[in-house]
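>>> Mind looking at a prediction? Sequence and model below.
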Amino acid sequence: MIEKRTLQTPTSWLSFPYECLVYYGGLLLFAVMCLAWSLVAVPLRLLLPRRIGIRLGRWVIMFGFRTYLRFLELSGIVECDLGALDRLGREHSLIIAPNHPSLIDVVLIVSRLRNTACIIKANLWNQLIFGGSARLAGYICNISQAKLIVDATQEIQAGGQLLVFPEGTRTIGKAIQPFKGGFALIAKRAYAPVQVVFIEINRPFLGKGCSLLKKPEFPLVFRVRLGERFPPPDEVRSYITCLEQYCRTQVAGNDADAP
């Protein structure tokens, strides 16, 4: 359960322009950071050995995301409780499976985990602002389902962590969407456990259909908590059903506890 907070600014009449300045300025800062690193990452990918490039690429992305969130926290418009993720930092060969309420979910998770590979959409993979850094970090493009499964399995078997959203898209409202089967197939082939993660936000923010340019109501409070860890599946379909029911129950129970 996340309590609603009141933004503390010097005077209430300044709150709206202050929020606009921080929010839109933060978006610009984030875009500049991503573009600058992506441009640097392109030649580094050619010059560095692959293993070193991946480690460097993931560390820089983690540091950049953490810096961006810290900027928002210091501004007073955002509060983050992400400490639960630190328990996963040193683990290997693990699938991390969060719910997906917001566009910022990847930033929240990756800001705490330095050895996590993300699955990135093909249109982002080919964009200048993200493509170079994603390639250097060894992220996985979803242009082909078959290749995605192979690449993800190899990533996990090499000791890495894989971030995958079982719903396959952002949540519409608060209800969990039907799970896709890819994460379970990867878990079976890589013989990897699935760590369920729950992302909670005190109010709607950048969900499905929401514009990035529409300023939300502040302050925003993000909280991450760890759910159960499920062993590798023997049978994929029943595994998907089991995890989906568990996540629906947990999210519904948390909503029922909210004031």
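Noted; the coordinates are in hand. Residues are numbered from 1 along each chain as shown.

>>> same for the longest helix along the chain, what does it pack against?
Longest helix of the chain, by residue count under DSSP state H: helix 15-47. In terms of contacts (3 or more CB pairs under 8 Å, 6 or more residues apart in numbering; DSSP states H and E), helix 15-47 is packed against helix 50-75, helix 128-136. Backbone N, C-alpha and C define where each C-beta goes, glycine included.

>>> what are the ranges of the strands in the chain?
78-81, 94-98, 116-120, 140-141, 161-163, 194-201, 220-230 (DSSP state E).

>>> and the first one, what's its mean pLDDT?
When the per-residue pLDDT values of strand 78-81 are averaged, the result is 96.

>>> What pairs with it, parallel or antiparallel?
Paired strands of strand 78-81, with direction, are strand 220-230 (parallel) (DSSP bridges).

>>> is it true that Val106 touches Ala117?
No - in terms of CB atoms under 8 Å, Val106 does not count as a neighbour of Ala117; the distance is 11.6 Å.

>>> Next up, the contacts around Ala117.
If a contact means CB atoms under 8 Å, 6 or more residues apart in numbering, then Ala117 has 58, 137-140, 152, 155, 160-163 as its contacts.

>>> Out of those residues, the closest to Pro219 would be?
Within those, proximity to Pro219 (CB to CB) peaks at Leu163, which comes in at 25.9 Å.

>>> For the closest one, list each beta-bridge partner.
Per DSSP bridges, residues listed as beta-bridge partners of Leu163: Ile96, Cys118.

>>> And Asn126, how close does it get to Ile54?
Distance check for Asn126 against Ile54: by CB to CB, to the nearest Å, it reads 20 Å.

>>> For the two, indicate the residue with more neighbours.
In terms of neighbours (other CB atoms under 10 Å), Ile54 is the more surrounded of Asn126 and Ile54; the figures are 22 against 13.

>>> what residues does stretch 52-71 touch?
Outside stretch 52-71, the residues that reach it (CB under 8 Å, 6+ apart) are 26, 29-30, 33-34, 37, 41, 44-45, 48, 78, 80, 107-108, 110-117, 133, 136-138.

>>> try 7 Å this time
Residues external to stretch 52-71 that are found in contact with it (CB atoms under 7 Å, 6 or more residues apart in numbering): 26, 29-30, 33, 37, 41, 44-45, 48, 80, 107, 110-111, 113-116, 133, 136-138.

>>> Sweet, I'm off.
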